[in-house]
Each structure stands twice: as C-alpha cells, then as structure tokens.
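> Here is a sequence with its predicted model. Questions after.
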Amino acid sequence: MPPILVSLREDHRNLKRLLAILDAEIAVFERAETPDYDVVTEILDYTREHMDRFHHPAEDLVYARLQKRHPEASGTTHDLLEDHVRLEEQTQHFAEVMHAIADGTEMSRARVLEAAKAYLAAQSRHVEVEETWVFPDAERYLTEEDWAEIEQEAVSSPDPLFGDHQGAGFDKLRVLLG
Ligand SMILES: [Fe+2]
Ligand SMILES: [Fe+2]
C-alpha cells in the first residue's frame, strides 16, 4: 500500500478513537451530568491542528487524481472534497460553542448537543465513505506516478497527539488514550 495511504488510514483509526471518547462525553451530557469540556476541546483542537491542516489536504490530492483516473467515482470524491470544507466549518462552530461554555455564556443544552452530535455524525460518516469506497478505489486506479506526485506535494507534519514528537496541549487525551 502507498505509504501516504497507510498514514491516512492510521489517522482514521486515531480519529475513531477520539470520536468514541467524544461519544462517551455526549452520553454524560445527555444524562444531565457534566462532561469533561477540556477533553472535548482537545478533540476539537486535534481535528483542527491535524485533520484539517494535513489529513484533508493530503486526501484532496488523492481525490483530484482519482477523479481523472476513475471518473465513475467523481460524484463521491466531489462530495468528499466539499465535506472537507463543511467539516472544517462544523468543527469551528462546535469549538465556538465550547469556548462560549468555558467563558460562562449561558447556552441551551439542546444547542450544545446539536453541535456535538452534528460534528460526531459528520466525521464518522465521512471516514466511513473514505474507508469503504474511496480508498480502495484510489489503491486500485491510481498509478505509481500519481502516488509519487502526491508524496511530493503533500505537506506532512508530525502528529501532535499520536506521533513520536508529541506537541503540547493534549494532556487529558494522552491520559485517556493511555
Ligand atoms: Fe476526508
Ligand atoms: Fe480522511
């Protein structure tokens, strides 16, 4: 498997672990108890720092080539490319809700739940489509030359949470992830 695809799949595995943690925090909130807002904020920080800045742009390079090599998949890849923009906006919205709570702003429970669930559902669905349909197609239809170009064009950065060179600011998640 092309190394970039290995690393994109690893990102998905890591993200799914974070989404499971978020799901548990949402369940706490739904029981009218207080979730750990720091944990939720760290998940959003990770999404913005790693997924939005490095993971999605690398996928964009893959999908652009897949549209050429396998036009039958272009509907799905087009949707995924749009998703990358929408997911970023949705993450931003959820982060703003979290910041407002941290600042002591009154916020209805329904509004918080709506933002949290929208984020969770959209991220999960997006990864599912990529893993089930688009990554297998990319592996099948892209040429070695395509992958070499993608490797060259993709901007990579050490994963700040799951990588060897861990960045600051994910203290709570590190404990939870063991
Ligand atoms: Fe994606
Ligand atoms: Fe992805």
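Alright, I've got the coordinates. Numbering: from 1, shown residues only. Ligands and ions are numbered 1, 2, ... in the order given.

> Which stretches in this protein count as strands?
With DSSP state E as the criterion, the chain has no strands.

> Just want the most central residue of it.
M51 (4.7 Å; C-alpha atoms, centre = their mean).

> quick one, what contacts the nearest residue to S74 once chain neighbours are set aside?
Distances taken as C-beta to C-beta, 6 or more residues apart in numbering place Q67 nearest to S74, at 4.7 Å, with adjacent residues excluded. For the C-beta atoms, the positions are set from N, CA and C on the backbone; glycine is no exception. Listed by C-beta atoms under 8 Å, 6 or more residues apart in numbering, the contact partners of Q67 are 73-74, 77-78.

> Kindly reformat the residues you listed as CSV containing neighbour count.
Putting the contacts of Q67 into CSV (neighbours: other C-beta atoms under 10 Å) gives the following:
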residue, neighbour count
A73, 19
S74, 14
T77, 25
H78, 12
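
> Let me see the contact set for L8.
55, 58-59, 62, 130, 135 are the contacts of L8 under C-beta under 8 Å, 6+ apart.

> quick one: which of the residues you listed is nearest G169?
Closest approach to G169 among the contacts of L8 (C-beta to C-beta): H55, at 17.9 Å.

> Is the closest one in contact with E10, as I believe?
No - the criterion here is C-beta atoms under 8 Å, and H55 misses it with E10 at 10.0 Å.

> Same drill for those two, tell me which one is more crowded.
H55 (21 against 13; other C-beta atoms under 10 Å).

> since we're on the residue lying closest to that one once chain neighbours are set aside, how many residues are nearby?
With sequence-adjacent residues excluded and distances taken as C-beta to C-beta, 6+ apart, H55 is closest to D11, at 4.9 Å. The number of residues packed around D11, counting by other C-beta under 10 Å, is 20.
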